[in-house]
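J.: Here you go, sequence then predicted model.
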Amino acid sequence: MDKLQEVQLRGKLQNLYHQHRDLDAAIEAFEQSGRADILQLQRLKKMKLSLKDQIAQIENFLLPDIIA
């Protein structure tokens with residue numbers, strides 16, 4: 001992997017972190033509103049989980065486990 005690819009991946013990773021944090025806040029606000037639509041809440045949680053998986057995949061690519 002060259003330096004440009006690494007910079008692009010790190011930028012994407014920061015974007016995914018931001019989206020994950022925003023979704024977390026939206027889910028919390030939605031739950032506390034008292035008028036939470038269960039289906040909408042499930043969709044938000046699935047989106048958050050998908051973002052978490054993407055984050056983990058990029059982190060694993062950037063920092064692979066090296067068995068010494």
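T.: Received the coordinates, thanks.
J.: so where do the strands sit in this protein?
T.: With strands called from DSSP state E, the chain shows none.
J.: where does it dip in pLDDT?
T.: Applying pLDDT under 70 to the chain flags the ranges 67-68.
J.: Centre-most residue in it?
T.: residue 51 (3.0 Å; C-alpha atoms, centre = their mean).
J.: In contact with that residue: list those residues for me.
T.: 16, 19, 20, 23 (C-beta atoms under 8 Å, 6 or more residues apart in numbering). To be clear about C-beta, it is placed using only N, CA and C from the backbone, and glycine gets the same treatment.
J.: So which of the residues you listed are in helices?
T.: 16, 19, 20, 23 (DSSP state H).
J.: re the thing from before, quick one: the contacts of residue 51 as TSV, columns for neighbour count and distance to residue 47 too.
T.: What follows is these, written out as TSV (neighbours: other C-beta atoms under 10 Å; distance: C-beta to C-beta, whole Å):
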residue	neighbour count	distance to residue 47
16	20	11
19	16	9
20	18	9
23	18	6
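J.: now, among those residues, which is nearest to residue 57?
T.: Nearest to residue 57 among the contacts of residue 51, counting by C-beta to C-beta, is residue 16 at 9.8 Å.
J.: give the contact list for that closest one.
T.: Residue 16 touches 51, 54, 55, 58, counting by C-beta under 8 Å, 6+ apart.
J.: Report the buried members of those.
T.: Listed as buried from the contacts of residue 16 are 51, 55; burial here means 16 or more other C-beta atoms under 10 Å.
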